[in-house]
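S.K.: just need the structure, nothing else, for what follows:
(one chain, ligands or ions: 1)
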Amino acid sequence: MAQRPVLLDGGMGSLLLAAGLERGRAPEWWNLERPERVESAHRGYVEAGSAIIEANTFGGSPPKLAAAGLAGRCREVNVRAVAIARRAAGNTALVAGDVGPTGLLLPPVGGASVDEMRQAFAEQVAALVAAGADLISIETMYDLREALAAVAAAREAGLAVLASMTFESRKRGYFTIMGDPLVPSLAALAEAGADAVGCNCSVTASVMLGMVREARAALALPIVAQPNAGQPRVTADGTVYEETPDAFARGVAALLEAGAGLVGGCCGTTPEFIAHSRSALAAPDAS
Ligand SMILES: [Zn+2]
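M.R.: Below you'll find the model as predicted:
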């Protein structure tokens, strides 16, 4: 993984919305109700060249599922999701169990505890492992304490772990919305046992470039970068991302040049974006 750049996949939520998912309904419902549409979205990424695809389990922790009307169905949802992704991946891609925030909030914002989060992640990861996930991808974390709880759960299960947090650019540097700074946070995730660390969501590839440069300079392990498809614009029909697949692919090429080891897309990206990015990964000395 450290030797050669790896192409990840892109967004899932927007693809499922385009395929008819009701706005406001959790994408995880479709692992149960519309598995063929989830599989088709994955298939798009496999055909675009993704070496790792992420199962439709971003909101698959018990608290998040409960908030979506899927209380008590953590195992079922996660197991089905991995099976769907596996059908699309065949022998050409690895399947990552995708782990996003629980939706619980720690003090001083909320009253949840780190133990509660750890418990929730342990339950989700156990289901992903039982279903045969190849690795765990932790994403879109904005509270380092929660990200560490997720990494701990994944490490205990013995799978390789990618851990990404969501940072924004501020005057004094890059921080999550909770105020966690970029390099110390990623260093803490590495220390906790993540195999690759980085950033996803919220910003464009051009903003993420600065984040990758800082992370690359400070850390020895592979860096993950999954930017959005440009700046979101809110319209009557929902959120629109206006970057073209070509412009996105140029951004990905710059991220690779800055030393990112695993690249893909987040909100607004589709298989077309990943297919365009693929050429950026072609090693010049490949025979
Ligand atoms: Zn995103």
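S.K.: these two touch, right, Leu106 and Glu146?
M.R.: Yes - Leu106 is within contact range of Glu146, at 6.8 Å (criterion: C-beta atoms under 8 Å). Any C-beta I mention is one placed from the backbone N, CA and C, and that applies to glycine too.
S.K.: all helices of the stretch 51-200 of the chain, in order?
M.R.: For the stretch 51-200 of the chain, the helices defined by DSSP state H, counting those that start in this stretch occupy 62-67, 74-89, 114-130, 144-157, 182-191.
S.K.: could you give the angle of the last one to helix 144-157?
M.R.: Going by axes from the mean of the first three to the mean of the last three C-alpha atoms, to 10 degrees, helix 182-191 is angled at 20 degrees with respect to helix 144-157.
S.K.: try the third one
M.R.: Interaxial angle, helix 114-130 versus helix 144-157 (the same axes, to 10 degrees): 40 degrees.
S.K.: can you list the buried residues in helix 114-130?
M.R.: The neighbour-count check on helix 114-130 (16 or more other C-beta atoms under 10 Å) flags 114, 116-129 as buried.
S.K.: again with the shortest one
M.R.: Judged by neighbour count (16+ other C-beta under 10 Å), helix 62-67 contains these buried residues: Pro62, Pro63, Lys64, Leu65, Ala66.
S.K.: same thing with the fourth one?
M.R.: Residues of helix 144-157 classed as buried by neighbour count (16+ other C-beta under 10 Å): Leu144, Glu146, Ala147, Leu148, Ala149, Ala150, Val151, Ala152, Ala153, Ala154, Arg155, Ala157.
S.K.: how close does the closest residue to Ala96 other than its chain neighbours sit to Asp195?
M.R.: Sequence neighbours aside, Ser137 is the residue nearest to Ala96 in space, at 4.0 Å (criterion: C-beta to C-beta, 6 or more residues apart in numbering). Distance of Ser137 to Asp195, given as C-beta to C-beta, to the nearest Å: 11 Å.
S.K.: so what sits against both of the two?
M.R.: Val161, Leu162 (C-beta atoms under 8 Å, 6 or more residues apart in numbering).
S.K.: still on that earlier bit, what do Leu106 and Glu146 both touch?
M.R.: Residues touching both Leu106 and Glu146 (C-beta under 8 Å, 6+ apart): Val114, Met117.
S.K.: just to revisit the earlier point, bridged to the residue nearest to Ala96, which residues?
M.R.: Following DSSP bridges, Ser137 is listed with bridge partners Asp98, Leu162.
S.K.: so what's the residue count around it?
M.R.: Ser137 has 31 neighbours, counted by other C-beta atoms under 10 Å.
S.K.: pLDDT value on it, please?
M.R.: Per-residue confidence (pLDDT) for Ser137: 98.
S.K.: over to the one 10 residues further on?
M.R.: In this prediction, Ala147 carries a pLDDT score of 98.
S.K.: between the helices of the stretch 51-200 of the chain, which one is closest to Ala48.
M.R.: Each of these was scored for nearness to Ala48 using C-beta to C-beta, and the closest is helix 74-89 (11.6 Å).
S.K.: list the helices and strands that closest one packs on?
M.R.: Judged by 3 or more C-beta pairs under 8 Å, 6 or more residues apart in numbering; DSSP states H and E, the packing partners of helix 74-89 are helix 29-33, helix 35-48, strand 52-54, helix 62-67, strand 94-99, helix 114-130.
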